[in-house]
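[1] got a sequence here, can you model it:
(one chain, ligands or ions: 2)
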Amino acid sequence: MAITVLRFPPGGGLDLELSASDAEIHEYSERCSKLLHLLQRPGVVVLELEDDSAWAPLKACLKRCDSFFSLDRPIKEKASSSVPGEGFSRPNGKELLAFRRFSGASGLAAGNAQSLDGACRVLDSLGRSVLRGVSRSAELDIHAEQLSPLLEEDPQLRRRPSASILRASCYPDVAEEEGPPALAFAAHHDRGVLTLVASNQTGGLQVQLPPGAGGGGGEGVGEWADVPLGPGRVAVLVGFSLSYALGGLVRPALHRVAPGGPRRVSLAYELCFRPGARIDPAEVLREAATAPERPVGRPLYLSELMALFETTHPVSINGKRSLDVGACRFLFEWRRIGGNSTPEELGLKDGNVIIVVMEQVGS
Ligand SMILES: O=C(O)CCC(=O)C(=O)O
Ligand SMILES: [Fe+2]
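    Numbers count the residues shown, from 1 in each chain. Ligands and ions are numbered 1, 2, ... in the order given. Below you'll find the predicted structure:
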């Protein structure tokens, strides 16, 4: 199964123009359905941006980040932040520059902050446009703004730190590193609504296909598929929050950066619900054309939802546990990360691992 590249929204802008012709509206509706299908399976879609004004800020930001990551370590470290998860850091063998709009806590040079802000705006608009598109698909057919109250208002209006976060990452050329920085390439799910990824490099990002979808026998776990990025393209991946809000109609995409590649710079914008959001799948889907096969979860505040999806737990390797949330049972499966690497190879010990899977298994 190859990952589909879709021109969305058609017509060049970041959303459907009010002046669209009937033919354009028809094309838009078809793309909305396709969007939902692709986010259902394999959980990722690559958008081809027709509008250069949408790609230009991403291109500029990628260039700036590339230059930033090429600086000497002490200079980069000036951009570390007192706010956990923001600013420059070196987690797990990669370099990260994490930016939250209006956080005000970064030690970033003004030009870098401006450039990251520009990328956030484009990716935020694109993410919201995808959500409207998915809502408008004939298969879901909920109000286009049904999910909007769960998202924050433009943080610029509120002057509050944004809930959503942009991660600029620089993955090392593995050949240049002493040992394999396995954790930098760890498979994971994102906890937000959607993650939007851009990179000038075509290769690197991979998603795990559903079992059987790769043509490789169909047993056990699915194969890894390359997500084709490059100039003008943005990958959109489903996160846990959207999966929960839509009662499991879409599933979070397990993804990673392929280990063993050349140095790579990427931007990943995690569009998140606002902190006080109360996510009620039954309410979101009240008028939906398609009901989930499995029971819909109970309303959860975002903080509860995030706690369910916490990604680092002190559990034993490959342990399992399940959790009941109203009518839903979540099965958490703790998998080793790093593909076929053994925990020893990854330097992991029993009791200090890792994540991974949430599955709605019904009750
Ligand atoms: O760098 C990438 O392509 C993906 C990054 C990612 O998955 C993340 O930041 O959550
Ligand atoms: Fe991710």
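
[2] what parts of this protein come near ligand 1?
    167, 169, 190, 195, 197, 204, 205, 255, 257, 266, 268 (Cβ under 6 Å from any ligand atom). Yep, even glycine has a C-beta here, placed from its N, CA and C like the rest.

[3] of these, which is the most crowded?
    With neighbours taken as other Cβ atoms under 10 Å, the top of the residues of the chain next to ligand 1 is residue 195, carrying 28 neighbours.

[4] just list whatever residues bridge to it.
    Residues found in beta-bridge contact with residue 195 (criterion: DSSP bridges) are residue 237, residue 270.

[5] so it makes contact with residue 236?
    Yes. Counting by Cβ atoms under 8 Å, residue 236 is a contact partner of residue 195 at 7.5 Å.

[6] picking up where we left off before, quick check: which of the residues of the chain next to ligand 1 has the minimum pLDDT.
    For these, the least confident position by pLDDT is residue 190, scoring 86.

[7] how close does that residue sit to residue 164?
    Relative to residue 164, residue 190 is positioned 11 Å away (Cβ to Cβ, to the nearest Å).

[8] overlap in contacts of the two?
    Common neighbours of residue 190 and residue 164, using Cβ atoms under 8 Å, 6 or more residues apart in numbering, are residue 270.

[9] any chance you could map the strands in the stretch 1-150 of the chain?
    Taking DSSP state E, counting those that start in this stretch as the criterion, the stretch 1-150 of the chain carries its strands at 5-6, 44-48, 87-89, 95-99.

[10] run through the neighbouring helices and strands of the shortest one.
    In terms of contacts (3 or more Cβ pairs under 8 Å, 6 or more residues apart in numbering; DSSP states H and E), strand 5-6 is packed against helix 22-40, strand 44-48.

[11] swap in the second one?
    Contacting strand 44-48 under the criterion 3+ Cβ pairs under 8 Å, 6+ apart are the following elements: strand 5-6, helix 22-40, strand 233-238.

[12] that one - what's its average pLDDT?
    Here strand 44-48 scores 96 as its mean pLDDT.

[13] again, but for the shortest one
    The pLDDT scores in strand 5-6 average 94.

[14] can you tell me which of the helices and strands packed on strand 5-6 is most buried?
    Per residue and on average, the most neighbours among these fall to strand 44-48, with a mean of 21 (mean count of other Cβ atoms under 10 Å).

[15] mind giving me a markdown table with the helices and strands packed on strand 44-48 and columns for distance to residue 103?
    A markdown table is the format used below for the helices and strands packed on strand 44-48 (distance: least, Cβ to Cβ, whole Å):
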| stretch | distance to residue 103 |
| --- | --- |
| strand 5-6 | 32 |
| helix 22-40 | 29 |
| strand 233-238 | 23 |
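
[16] any stretches of the stretch 201-350 of the chain with poor pLDDT?
    For the stretch 201-350 of the chain, the stretches with pLDDT under 70 are 213-221, 294-295, 307-350.

[17] run the last query once more with 90
    The stretch 201-350 of the chain contains residues with pLDDT under 90 at 208-223, 240, 244, 247-249, 251-254, 256, 258-262, 275-276, 281-282, 291-350.
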